[in-house]
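>>> got a predicted structure here, sequence first:
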Amino acid sequence: MIAGFPVSEVPLAELIADSDLLTAAFYNRAATEVARDCLGKVLVHGSTAGKIVEVEAYLGTDDLAAHAARGITDRTRILFGPPGHAYVYFIYGMYECLNFVAEPEGQAGCVLIRALEPLSG
């Protein structure tokens, strides 16, 4: 059980065998498109996996809620880099947030993974 909810344990090897790895080309598009297409994808980390069920798109320097809104800094440089990289930050002193860099290189954009449905681990 996770947080009181039963989890149907799917063998991790089965999840991986039934999946295609996403390439950088998947992320080399508008963050809104990438966010929409991330829904339902399976995220695997170590011996755990979950289905992506909630995301947010951040639209770079024009989006005041985005970390990239102030331009390139040491912290945000990755958001302007090649698509497909992970941008992870610590918030409120207790949570790590996972984002995928989207948009063509040189343009900032990312997709925040807000919620997963546990599948394995």
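Thanks, I have it. These numbers were taken from a predicted model, which means no experiment stands behind them. Numbering: from 1, shown residues only.
>>> hey, let's count contacts and neighbours off CA atoms from now on
Noted.
>>> and stretch 99-107, which residues are buried?
For stretch 99-107, burial by neighbour count (16 or more other Cα atoms under 10 Å) applies to 99-105, 107.
>>> just those: which are in strands?
Of those, the ones assigned to strands by DSSP state E are 99-101.
>>> helices along the protein, start to end?
12-17, 24-27, 31-38 (DSSP state H).
>>> so how far is Gly71 from the nearest residue to Pro82 once chain neighbours are set aside?
Excluding the flanking residues, the one nearest Pro82 by Cα to Cα, 6 or more residues apart in numbering is Glu105, at 4.8 Å. Taking Cα to Cα, to the nearest Å as the measure, Glu105 falls 14 Å from Gly71.
>>> now Ala65
Taking Cα to Cα, one finds Ala65 at 13 Å from Gly71.
>>> which one's more surrounded, these two?
Gly71 (15 against 11; other Cα atoms under 10 Å).
>>> per-residue pLDDT, the more buried one?
Note on Gly71: pLDDT of 94.
>>> can I assume it is in contact with Thr61?
Yes - counting by Cα atoms under 8 Å, Thr61 is a contact partner of Gly71 at 6.2 Å.
>>> test my guess that Gly81 contacts Gly109.
No - the pair Gly81 / Gly109 is not scored as a contact, 9.6 Å apart, by Cα under 8 Å.
>>> give me the contacts around stretch 19-27.
34, 82-84, 100-103 (Cα atoms under 8 Å, 6 or more residues apart in numbering).
>>> what residues of it count as buried?
26-27.
>>> one more: stretch 92-99?
Buried, per 16+ other Cα under 10 Å, within stretch 92-99: 98-99.
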